[in-house]
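>>> The following comprises the amino acid sequence and a computationally predicted model.
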Amino acid sequence: MLSGKHVLLIISGGIAAFKSLDLIRRLRDEGVSVTPVLTHAAEEFVTPLSVSALAARKVYRDIFDLTDEAEMGHIELSRAADLVVVAPATADLMAKMATGLANDLASTLLLATDKRVLIAPAMNVRMWQHPATQRNIATLAGDGVLFVGPDEGEMACGEFGPGRMAETPQIIAAIDAALSAGPLAGRHVLVTSGPTHEPIDPVRYIANRSSGAQGAAIARAAAALGADVTFVTGPATVPPPAGVRVVQVETATQMMTAVEDALPADVMIAAAAVADWRVDNAAGSKIKKTKGAALPKLSFVENPDILAKVSQMGKGRPELVIGFAAETDDLVAHATDKRQRKGCDWILANDVSPETGIMGGTENAVVLITDAGAETWPMMEKSKVADRLARKIADRLG
Ligand code: CTP
């Protein structure tokens, strides 16, 4: 249902900008209010006057327009809408988005927004196929940006191939889908992610190579389906996604407490690489290297198994508890055994042998183990694994 929704429409400078006039008109016919933003390049293709006349609203054009800042700051402008739409999205604006540049009004709004962003790319086919653009597309998809198009066909520049902006009805359908309540709306999904750091003394710790990429992708995918997501993360190198409640922790013990505090939840996904042990005799001050003295001896104590604890908690247990199994051999056998031992419903098993490049990499190959057996998924981007898992969760919860 589009009526009554508010879209912030960013028009960047490409020949397809003329189509955005039709988009504004059709959106208004559907009862959507449209706040237009034009980049300077877009003004070469459409005039601020025609855009403002069709939108029946002021057009925002410049970050340094002090009148605008007095009326509505750029932060507020980026958040007042239900959805941010970029149509057309040029290769240049996509590159800015992928690197987080904020050097004009459009890119600043895109960096400051806490709303979902849908882009309709439009560019020459070679520009679309260039490895740099393809890298940016993968980055943006990983950040949760939604895409509509581009279409394939004859282009204004005379070439043929993908790069033509999607047609208005297609963009409107994508806006409708982005604004409708997803299948996980009203569900609380708890995700643990990243490594843990277990202190040896105040300056040293024991850690592992987890980047937190898969956990962040899962949190983003669940949020994209409308879930209310709590993201409990250790010190990861990949930042948490937008639109989720983030709880930063350092140690396994802190992660356990944060998970207990976040419950109840409908679903828990334990994607964290939790240290199995912590140093029992961690020093309160930095251990000094004293000449001739004996080398320090670390003794260990077992950390709480967060996944097992939540799986076996009885009353208040999430309806669906999902774990990961990081293995280097006998993947399915070890993971099947782990599922039994921990008591979780599903296990996503992955081979983390160094030659797979999975740990710290962008792709993952998983085997999903449920009570129905093992289902092998092909190697795919971690964001795709996350999308597939989120959809499977939504199907299971009904
Ligand atoms: N996990 C957890 N708390 C721990 C250890 C692991 O919640 N203290 C969770 C992980 O988030 C993951 C799953 O348990 O979902 C499997 O972790 P893994 O390290 O692969 O298994 P282990 O329990 O360490 O078993 P093993 O050492 O035998 O491989």
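All right, it came through fine. Numbering: from 1, shown residues only.

>>> In a helix, I137, correct?
Yes - assessed by DSSP: H, G, I helix; E, B strand; the rest coil, I137 belongs to a helix.

>>> where does the protein have its least confident helix or strand?
helix 66-71 (a mean of 59; mean pLDDT, DSSP states H and E).

>>> next SSE after that one?
Counting by DSSP states H and E, the next helix or strand C-terminal to helix 66-71 is helix 74-80.

>>> What strands flank the helix or strand that that following helix is followed by, and is each parallel or antiparallel?
On the C-terminal side of helix 74-80, the nearest following helix or strand under DSSP H and E is strand 83-89. Partners of strand 83-89 in the sheet, by DSSP bridges, are strand 6-11 (parallel), strand 117-121 (parallel).

>>> Restricting to C-alpha, output strand 83-89 in CSV.
Extracted in CSV, the C-alpha atoms of strand 83-89 (Å, rounded to 0.1, in the frame of the first residue of the first chain):
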residue,chain,number,x,y,z
LEU,A,83,12.3,5.3,1.8
VAL,A,84,15.2,6.9,-0.1
VAL,A,85,15.1,6.2,-3.9
VAL,A,86,17.9,7.1,-6.3
ALA,A,87,16.6,7.2,-9.9
PRO,A,88,18.6,7.4,-12.0
ALA,A,89,21.7,6.2,-10.1
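
>>> Then E355 would be within a helix, right?
Yes - under three-state DSSP, E355 sits within a helix.

>>> circling back to that earlier point, single out the most deeply packed of the strands paired with strand 83-89.
Greatest average neighbour count among these goes to strand 117-121 (a mean of 26), per mean count of other CB atoms under 10 Å. In short, each C-beta sits where N, CA and C put it, glycine included.

>>> Quick check: pLDDT value at the residue of the chain most remote from its centre.
Most distant from the centre of the chain: G292, at 51.8 Å, with distances by CA atoms, centre = their mean. Note on G292: pLDDT of 87.

>>> Touching, A283 and V203? I think so.
No - between A283 and V203 there is no contact under CB atoms under 8 Å: 9.8 Å.

>>> neighbour count winner among those two?
Applying other CB atoms under 10 Å to A283 and V203 shows that A283 carries more neighbours, namely 16 against 10.

>>> tell me the phi and psi of the more buried one?
With angles defined as degrees, to the nearest 10, A283 sits at phi -80, psi 150.

>>> coming back round to it: and the residue farthest from the centre of the chain, that one's in a strand?
No - counting by three-state DSSP, G292 is not part of a strand but coil.
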